[in-house]
Structure formats: structure tokens, C-alpha cells
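Peer 1: Sequence first, predicted model second:
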Amino acid sequence: MSWLDWTVLALTQLLIVVYGVWKSRQDRDMESYLRSRTMSWFTVGLSIMATQASAITFLSAPGLAYEEGMRFVQFYFGLPIAMVILSAFAVPLYYRLNVYTAYEFLEKRFDVKTRTLAAVLFLTQRGLAAGFTIFAPSLILSSLLGWNIYYTNLVIGGIVIIYTVTGGTRAVARTQKTQMAIILAGMFLAAWYVVKGLPEEVGMEGALTLAGKLGRLETIDWTFDLNNRYTIWSGLLGGTFLMLSYFGTDQSQVQRYLGGQSIAQSRIGLLFNGLLKIPMQFAILFVGALVFAFYLFQAPPVFFNKVVAEQTRQDVVVGDKYIAAESAFAEAINARKQAALNVLQQPEDAAAVEVLREKQAAVDGLRKEAKSLIKQGNPAADTNDINYIFLTYVFDFLPAGLVGLIISVIFSASMSSTSSELQALASTTVVDVYKRLWKPSASEQECYQVSRWATVGWGVYAIIFAMFANRLGTLIEAVNILGSLVYGTILGIFMVAFLFKQVGAKAVFISALLSEALILALFLYSDVPFLWYNVIGCVVVVGASLVGTKLRFW
């Protein structure tokens with residue numbers, strides 16, 4: 001990067017941190033550190049969006065659209081439904097009970113072991129997910145500067161820990177407004193430059209035509225296929241259950257709207273998120289589709305992870321074969337470019353479109369061949385380069401200054417999401433474990449100090465997991481798979497608590513254990529798409545609780 005990029009990056013990040021610390025300079029007790037109820041609906045809404053929209057979103061989503069089209073947006077179709085349900089039922093309940101965490105309610109309804117089970121499931125999953133959000137910006141710096149990814153994880157994780165411990169909940173929420181402004185501005189400018197970089201004879205209309213002909217604008221899939229990960233049915237059914245659990249029972253989100261000034265402010269913040277999240281995610285995926293159209297006329301690399309590609313070129317066994325594959329790939333790209341131009345001249349000519357698709361298939365085949373050679377040279381290498389596609393475009397084609405802004409976008413998203421997660425982990429640890437099980441007599445000031453140390457501890461836990469994140473493929477899918485392993489079970493516990501007063505603590509506890517065992521078995525031994533885990537887990541908990549209670553099994 002140029003000196004201008006480094007300056008933009010440094011100034012934007014410094015502005016965010018200084019602003020957040022200044023806004024929270026008087027927060028020195030447990031209430032203000034973990035739950036500060038001072039935020040307007042607008043702050044609540046942006047804080048919720050920023051918590052969910054981690055750096056993973058801006059790294060992986062454009063690459064996912066580049067490779068597979070925009071069907072991933074269906075993942076969010078259940079979000080507005082979930083926001084309405086939670087606004088009607090969960091928000092007033094949490095406010096009436098005056099809780100710090102969602103899991104306090106479970107003890108009031110069931111018992112301490114059910115509360116602890118839900119808290120432990122959340123802590124385990126969310127701590128691992130925080131590792132992903134630390135790894136994402138580390139990926140940038142390691143690629144950009146050639147740094148060791150493991151050392152970079154330590155540096156990024158350390159910065160986020162200091163930022164979170166210093167600020168607390170109010171700092172996190174206040175700075176997320178600034179972070180979202182930087183994020184939206186950066187993505188808009190990136191999209192504008194993609195279109196600007198297209199040949200004059202192509203333009204926006206031509207880019208959309210070509211992306212559409214090659215399947216990159218496909219958004220809705222109406223097929224009902226349990227083996228198809230992204231369909232409208234998995235989005236509406238599985239997505240609704242996932243979003244109900246994530247926003248209704250995951251402390252990283254519950255903590256955001258518990259900070260609203262009133263029930264009304266929290267409700268409006270949730271609904272605001274439900275209205276804007278799908279268009280925002282669509283826009284991010286759309287950038288990836290535009291990048292795909294851009295690379296129809298600019299030669300992309302056969303493999304987007306430049307560090308791994310260079311290592312393969314130097315390999316004594318497969319290096320020459322890889323270089324030959326790159327040459328063949330360059331020829332295939334030229335042939336695809338000519339086919340694309342032909343389609344623009346006669347877009348309704350089915351034969352021209354079919355030729356373009358054949359050329360695209362040849363390009364895809366050579367990419368697979370290159371990945372196979374990488375694997376031969378280094379069996380431990382990660383051959384999934386989706387996370388690097390958008391980064392490659394940014395570094396190679398955006399002007400000085402804007403590169404720094406885009407990197408700042410990803411850093412901002414990482415800081416906002418990771419800090420929210422660490423805050424939620426700290427509050428759950430203190431409220432549901434330390435103060436409830438370990439030292440009920442702990443004072444407010446003591447809990448405040450333990451909260452800060454818990455933030456540090458969970459930050460270290462997340463850093464350790466980040467060391468292994470580069471082996472888990474597409475980040476945006478991996479983090480959602482991880483959440484789906486526990487969200488269905490947790491949602492089932494809460495649904496029984498809300499809706500079925502006849503079910504007791506023992507029934508729901510045993511049902512939750514059965515549900516979690518089933519979900520883990522499906523993950524390890526079946527091909528069921530992860531979105532359905534949320535439906536299955538919830539249904540098993542509710543069904544087994546009701547049947548067990550009715551038949552007096554427990």
C-alpha cells in the first residue's frame with residue numbers, strides 16, 4: 001500500500017477508538033460496562049447490524065458471489081420475520097425481568113442447570129466465532145505484508161482486547177455508528193470503481209447482462225432440495241429459526257438491544273435491522289458479481305491467494321506444471337473475453353451465449369486443475385481462495401487512498417463484531433457463571449473488574465482458535481455453520497420457556513441434550529445443509545419436551 005493508504009487506515013481507526021473511549025470515559029461500574037441503557041433506536045439498530053456484519057462478510061461474501069452467484073442472500077430471508085416476533089415477545093419480557101443476559105430468564109422459568117447449559121453452549125460457540133472475526137483482518141495483513149498469519153492473529157487480537165476492555169458496552173455501541181458509516185461508504189466506492197473500470201463498450205448494462213448469462217445474478221432458488229444449501233425454503237424456514245435464536249438468545253445481540261433507552265427504542269432498532277440487512281447483504285454480494293464481470297475483461301490469477309501461488313511456482317515437483325497451467329489459463333481467459341464481447345453484440349443469440357458458457361467452464365476447469373497441483377505440492381495448503389478474491393481486486397485495481405479505506409472497512413467490521421462478542425462473553429461469564437455459581441455475594445465493583453478480566457480471557461481463547469481458522473474454508477459459511485450447531489437447541493429451550501408452561505426443567509434439559517447430540521451427529525455423518533440444523537434442533541427440543549412430559553418419561 002502507498003503512504004496515503006496507510007494514512008487513511010491509521011486515521012480512521014484512530015478516530016473510532018478515540019471517539020469510543022471518550023464517549024465511555026465515565027463508565028466504571030458493572031451496569032455501564034455491560035448494559036448501559038442509554039441508546040436511541042438508531043444506535044441500537046446500527047449496533048445490531050455492525051455486530052452481525054463482521055469482516056468475514058466483506059471478505060467472503062463478494063468472493064462467494066464471484067464463484068457461485070448471489071443465492072447466499074436467501075440466507076437472510078427469515079430475518080424480517082424473526083425481528084417482528086422478537087419485538088413482540090422477547091424485548092418486553094427481557095425488559096420486564098430487568099436481566100443482564102438472556103439466560104437469567106431460563107433460571108426464573110426452569111432451574112439453574114438449564115440456565116447454565118444454555119450459557120455454556122453460547123460461550124463455547126461464540127468464543128470460537130470470535131476467533132473467525134479476529135482471523136479475517138489477520139488474513140489481510142498477512143497477505144498484504146507477507147507477515148506470518150499466526151503472529152498477525154496475536155497482534156490483531158491484542159488490539160481488539162485492549163479496545164474492548166478500555167471502552168465497555170457504550171464505547172462499542174457508539175463507535176459502531178462510525179464504523180458502519182465507513183463500511184457503507186467504502187463498499188459504495190468499491191462498487192463505483194468496479195463499474196468505472198469496465199471497458200466503455202461494456203458499462204453497467206453489459207456487466208449485468210454477462211453476469212446474468214453466467215449465473216452470477218441468480219438470487220432465488222425455488223427448488224425444495226435438502227441437499228441444496230441455499231434455497232428460498234431453507235432461507236425462510238431455517239433462516240427464521242436461525243435468526244430467532246441468534247437475535248433472541250445469543251447474548252452478543254441481546255446485549256445490543258438491552259442497551260436501548262426503552263422497549264420502544266429497542267423494538268424500532270430491531271425492526272430497522274430487519275428492514276436494512278437484506279438490501280445491505282444484497283449490495284455486498286452484488287459487488288462480487290460486478291467484480292466477476294470486471295474480470296471477464298481483465299486477466300485474473302488462476303489462484304487468488306498469491307502467497308500460496310508463489311510457493312507452488314517454486315515447488316520442485318509441481319512448479320513447472322503449475323506455470324504451464326497458468327499459461328493455459330491466460331489463453332482460456334482471452335477466449336472467454338472474446339466470447340463475452342460476442343454476447344454483448346448479440347445478447348439474444350443462444351449460440352453465442354452457449355459458447356460463452358463453454359469458455360467459462362474451461363476457465364473453471366483450469367482453476368480446479370491449478371488447485372489440484374497446489375494440493376499435490378503441499379497437501380496441507382488451503383485451496384479455497386474465495387476469501388482472497390475481493391482483496392485481490394482491491395490491491396490490484398483501486399487507487400491509492402481508497403485501498404486504505406477498504407482495508408479500514410474490514411478492520412472496522414472486525415473490531416465492531418469482535419468487541420461485541422467479547423463483551424457478550426464477558427457478561428455471560430460474570431452474570432451466569434461467576435456471580436451465580438461461584439460468588440453470589442460479589443459486589444458491583446468486583447463484578448466490573450472480573451468482567452474486564454473475562455474479556456481478556458475470552459480474547460485469548462478466540463486468538464487460539466484463530467490459529468486454526470485458515471483450515472476451515474469459506475469464512476462466511478464456516479462461521480454460520482458453527483452457530484447452527486447450537487442455535488437450534490438454544491432456541492428450542494427458549495420456545496418451551498415462552499410457550500409451554502406445563503413443561504418442567506428436567507424435561508427441557510434432557511431434550512436439549514438429545515437435540516445437541518443429534519445435531520452433532522448430523523454435522524459429522526450426514527450431508528444435511530446447516531440451515532436445517534436450526535429447525536431440527538428447535539423441533540427436537542420442543543417435541544421431546546412435550547412428549548416426555550405427556551408420557552411422564554421425565
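Peer 2: Yep, that arrived.
Peer 1: Report the residue spans of the chain with pLDDT below the cut-off.
Peer 2: Along the chain, the parts satisfying pLDDT under 70 run over 16-17, 19-38, 51-56, 140, 144-145, 167-179, 412-413, 469-477, 553-554.
Peer 1: how far away is the closest residue to residue 89 other than its chain neighbours from residue 86?
Peer 2: Distances taken as C-beta to C-beta, 6 or more residues apart in numbering put residue 498 closest to residue 89, at 6.4 Å, once the chain neighbours are dropped. For every residue, glycine as well, the C-beta is placed using N, CA and C. Using C-beta to C-beta, to the nearest Å, residue 498 is found at 11 Å from residue 86.
Peer 1: Quick check: phi and psi on residue 297?
Peer 2: Main-chain torsions, residue 297, degrees, to the nearest 10: phi -120, psi 0.
Peer 1: Actually, residue 230.
Peer 2: Residue torsions, per degrees, to the nearest 10, at residue 230 are phi -120, psi 100.
Peer 1: thinking it is in contact with residue 223, fair?
Peer 2: No. Residue 230 is beyond contact range of residue 223, at 10.5 Å (criterion: C-beta atoms under 8 Å).
Peer 1: Flag every buried residue along the longest helix along the chain.
Peer 2: Scanning the chain for the longest helix, with DSSP state H as the assignment, gives helix 112-145. By neighbour count on 16 or more other C-beta atoms under 10 Å, the buried set for helix 112-145 is 114-119, 121-123, 125-144.
Peer 1: contact partners of stretch 518-530?
Peer 2: Stretch 518-530 is contacted by residues 226-230, 234, 238, 477, 480-481, 484-486, 488-489, 533, 536-537, 540 when judged by C-beta atoms under 8 Å, 6 or more residues apart in numbering.
Peer 1: Dump it to PDB, keeping only the CA atoms.
Peer 2: The C-alpha atoms that make up stretch 518-530 are tabulated as PDB, following Å, rounded to 0.1, in the frame of the first residue of the first chain:
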ATOM      1  CA  LEU A 518     -28.500 -35.300  17.200                       C
ATOM      2  CA  ILE A 519     -27.200 -32.000  15.600                       C
ATOM      3  CA  LEU A 520     -23.600 -33.000  16.100                       C
ATOM      4  CA  ALA A 521     -24.300 -36.400  14.600                       C
ATOM      5  CA  LEU A 522     -25.900 -34.800  11.500                       C
ATOM      6  CA  PHE A 523     -22.900 -32.500  11.200                       C
ATOM      7  CA  LEU A 524     -20.400 -35.300  11.400                       C
ATOM      8  CA  TYR A 525     -22.100 -38.000   9.500                       C
ATOM      9  CA  SER A 526     -24.700 -36.500   7.100                       C
ATOM     10  CA  ASP A 527     -25.000 -34.000   4.200                       C
ATOM     11  CA  VAL A 528     -27.900 -32.100   5.600                       C
ATOM     12  CA  PRO A 529     -27.400 -28.400   4.900                       C
ATOM     13  CA  PHE A 530     -26.500 -26.400   8.000                       C
END
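Peer 1: which element is residue 10 on?
Peer 2: In this structure, residue 10 is located in helix 3-23 according to DSSP states H and E.
Peer 1: same question, residue 325
Peer 2: Using DSSP H and E, residue 325 sits within helix 319-345.
Peer 1: next structured bit after that helix?
Peer 2: Downstream of helix 319-345, the first helix or strand assigned by DSSP H and E is helix 350-377.
Peer 1: So what angle separates the directions of that following helix and helix 319-345?
Peer 2: 160 degrees (axes from the mean of the first three to the mean of the last three C-alpha atoms, to 10 degrees).
Peer 1: Which secondary structure elements does helix 350-377 sit against?
Peer 2: helix 203-213, helix 306-313, helix 319-345 (3 or more C-beta pairs under 8 Å, 6 or more residues apart in numbering; DSSP states H and E).
Peer 1: who does the second one touch, helix- and strand-wise?
Peer 2: Using 3+ C-beta pairs under 8 Å, 6+ apart as the contact definition, the elements that helix 306-313 packs against are helix 112-145, helix 319-345, helix 350-377.
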